[in-house]
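S.K.: Take this sequence and fold it.
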Amino acid sequence: MMGRSFFGTDGIRGRVGTHPITADFVLKLGWAAGKVFSERTEGRKLILVGKDTRVSGYMFESALEAGLIAAGVDVALLGPMPTPAIAYLTRTFRAQAGIVISASHNPYYDNGIKFFGGDGFKLPDDVEEAIENYLQNPIITEDSLRLGKAHRVEDAVGRYIEFCKGTLPTGSSLQGLKIVVDCANGATYSTAPNVFRELGAEVVELAVDPDGFNINEDCGSTQPAILQNAVVEEGADMGIALDGDGDRVMFVDHKGHAVDGDELIFVIAKYRHQQGGCSGVAGTLMSNMGMEVSLRELGVPFVRTKVGDRYVIEALRERKWQLGGENSGHIICSDLTTTGDGVVAALQVLHAMRETGTPLNTLKKGMKKYPQKMINVRIGEKFNLTDFPVIQKSVAAAEDELKDRGRLLLRLSGTEPLVRVMVEAEDAQLVDRLVREVADVVESEVS
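M.R.: Coordinates of the predicted model:
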């Protein structure tokens, strides 16, 4: 078998109990990954396994552990840890790989598996293909003399907290700031508040009581309403919202206004540019045109990639740039870490605010944000959009009307059964009308 049947843009994800997100598949996936990394490694073979807080994580943690051990690989169990923490710890432990059990911002009934290589980056295509090839074979357990062993890493939380604090210049302090931190009842519940608190901030905690089912439920970076209210009620300087696995971040300014990933990237880029340290920014097809225009006015180069942080990271590595991300709040500071890290990105924003003495709502005004609206059309199964001429005609008509005043994006989600319809332009009324017209056509054709 060649190519990939299971890996998407961010690992393997789906509904728990529905293939491939089942215990038996994940057991075999662990074994297949163990065999691939064993073949590519001399000497000790170690893979780290971490998870977010959803209830199915217990089951998949055990399944991965069994599969890896059967393949002759030692396993270090991290427990509930943010995705970027697992990437960091994989590097520091000199492990061959890190495995994350998480469905990120999805509800508790979804889960997924994603991998980092020993360098802390997402796996290249050829390694994912090699794992999928092994999935076609029956599991063959190593002789007892060559079975792997498992142990729990007791100080994983402390190690990651120290790493995050160390991404700021020596002597940096958040003393005097009052911050509301929403951890989405997810993987950052025991790390993020402590990072900000140990740096001197007064921290008000939200959504830090995971029960296996409440991850991302009416909280976190995708649903900031409760955080917005809390910031105003507490008289806080800002709010910080993370998603279920901690690789996304959104802010709320002191007035209760949400600040998205594009605006945060602009704030970091502008500060770094003023310090002579922003060579360029990588965004995606979803990045707001206002960010592109504002960066251009600063003289900062900007490039768009396909949607997905792995493509942003590829663009940064190719160009030797240090900053990029998505409007969803995936922000990569590649001079500090290898993947999107909500806490690290938040610290960069806070550092820009502190060093300039400027509140967030003022800093974000440097970017003119174009009205943008997206409608998600749910589908039963994936298909090729070019096979629907009526949809293509509708898109062409909308693009003709937009001309150079805006843009339209129509794409299949890489993580959910959705078609995303996005329109962006300077005219908000035009945006509302065109996105609804195209979404209605898509829904009528595919439903």
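
S.K.: Could you list the low-pLDDT ranges of the stretch 101-250 of the chain?
M.R.: Nowhere does the stretch 101-250 of the chain drop to pLDDT under 70.

S.K.: per-residue pLDDT, residue 3?
M.R.: For residue 3, the model assigns a pLDDT of 51.

S.K.: domain ranges for this structure?
M.R.: Residue ranges for the domains of the chain, per automatic domain parsing: 12-154, 160-169+176-366, 372-446.

S.K.: Columns distance to residue 6 and mean neighbour count on top of the ones you listed, output as JSON lines?
M.R.: Using the backbone N, CA and C atoms, a C-beta is placed for each residue, glycine as well. Formatted as JSON lines, those follow (distance: least, C-beta to C-beta, whole Å; neighbours: other C-beta atoms under 10 Å):
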{"stretch": "domain 12-154", "distance to residue 6": "5", "mean neighbour count": "20"}
{"stretch": "domain 160-169+176-366", "distance to residue 6": "16", "mean neighbour count": "21"}
{"stretch": "domain 372-446", "distance to residue 6": "13", "mean neighbour count": "16"}
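
S.K.: any idea which helix or strand carries residue 5?
M.R.: Assessed by DSSP states H and E, residue 5 sits outside every helix and strand.

S.K.: and it, what does it touch?
M.R.: For residue 5, the contacting residues are residue 132, by C-beta atoms under 8 Å, 6 or more residues apart in numbering.

S.K.: Recalculate using a threshold of 10 Å.
M.R.: The contact partners of residue 5, by C-beta atoms under 10 Å, 6 or more residues apart in numbering, come to 12, 20, 129, 132, 135, 136.

S.K.: Quick check: the fifth one touching residue 20?
M.R.: So that's residue 135. Yes. Look at residue 135 against residue 20 with C-beta atoms under 10 Å: they come within range, at 9.0 Å.

S.K.: Can you pull the residues that touch both of the two?
M.R.: Counting by C-beta under 10 Å, 6+ apart, the shared contacts of residue 135 and residue 20 are 5, 6, 28, 29.

S.K.: packing partners for the helix or strand hosting the last one?
M.R.: Read that as residue 29. Residue 29 belongs to helix 23-39 when elements are defined using DSSP H and E. Under the contact criterion of 3 or more C-beta pairs under 10 Å, 6 or more residues apart in numbering; DSSP states H and E, helix 23-39 touches strand 12-15, strand 46-51, helix 57-70, strand 74-80, strand 97-101, strand 110-117, helix 125-134.

S.K.: Let me see the mean pLDDT of it.
M.R.: Mean predicted lDDT for helix 23-39 stands at 97.

S.K.: Tabulate the helices and strands packed on helix 23-39 (CSV), appending distance to residue 348.
M.R.: Below are these laid out as CSV (distance: least, C-beta to C-beta, whole Å):
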stretch, distance to residue 348
strand 12-15, 28
strand 46-51, 23
helix 57-70, 29
strand 74-80, 24
strand 97-101, 23
strand 110-117, 21
helix 125-134, 30
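
S.K.: of the ones you listed, which approaches residue 273 most closely?
M.R.: Set against residue 273 and scored by C-beta to C-beta, those come closest in strand 110-117, at 29.9 Å.

S.K.: Next, the angle helix 57-70 makes with the closest one.
M.R.: Calculated by axes from the mean of the first three to the mean of the last three C-alpha atoms, to 10 degrees, strand 110-117 forms an angle of 40 degrees with helix 57-70.

S.K.: distance between strand 110-117 and the chain's centre?
M.R.: Centroid separation for strand 110-117 versus its chain: 11 Å, with C-alpha atoms, centre = their mean, to the nearest Å.

S.K.: Sticking with residue 263, tell me its helix or strand.
M.R.: For residue 263, the host element (DSSP H and E) is helix 261-274.

S.K.: Against which helices or strands is that helix packed?
M.R.: strand 249-253, strand 281-284, helix 289-298, strand 323-325, strand 331-333, helix 342-356, helix 360-363.

S.K.: JSON lines please, covering these and showing distance to residue 437.
M.R.: Converted to JSON lines, the helices and strands packed on helix 261-274 look like this (distance: least, C-beta to C-beta, whole Å):
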{"stretch": "strand 249-253", "distance to residue 437": "29"}
{"stretch": "strand 281-284", "distance to residue 437": "24"}
{"stretch": "helix 289-298", "distance to residue 437": "20"}
{"stretch": "strand 323-325", "distance to residue 437": "30"}
{"stretch": "strand 331-333", "distance to residue 437": "33"}
{"stretch": "helix 342-356", "distance to residue 437": "35"}
{"stretch": "helix 360-363", "distance to residue 437": "34"}
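
S.K.: Residue 404 is nearest to which of the ones you listed?
M.R.: So among the helices and strands packed on helix 261-274, helix 289-298 is nearest, using C-beta to C-beta, at 10.6 Å.

S.K.: Beyond that closest one, next helix or strand please.
M.R.: For helix 289-298, the succeeding helix or strand toward the C-terminus, using DSSP H and E, is strand 302-305.

S.K.: and that next one, how far from the chain's centre?
M.R.: Averaging C-alpha positions (C-alpha atoms, centre = their mean) puts strand 302-305 18 Å from its chain's average.

S.K.: partners of it in the sheet?
M.R.: Strand pairing for strand 302-305, using DSSP bridges, gives strand 281-284 (parallel).

S.K.: Export only the CA atoms of the partner strand, formatted as PDB.
M.R.: The C-alpha trace of strand 281-284 is given here as PDB (Å, rounded to 0.1, in the frame of the first residue of the first chain):
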ATOM      1  CA  VAL A 281       5.300  36.100   8.700                       C
ATOM      2  CA  ALA A 282       3.700  32.900   7.300                       C
ATOM      3  CA  GLY A 283      -0.200  32.800   7.400                       C
ATOM      4  CA  THR A 284      -2.700  30.600   5.700                       C
END
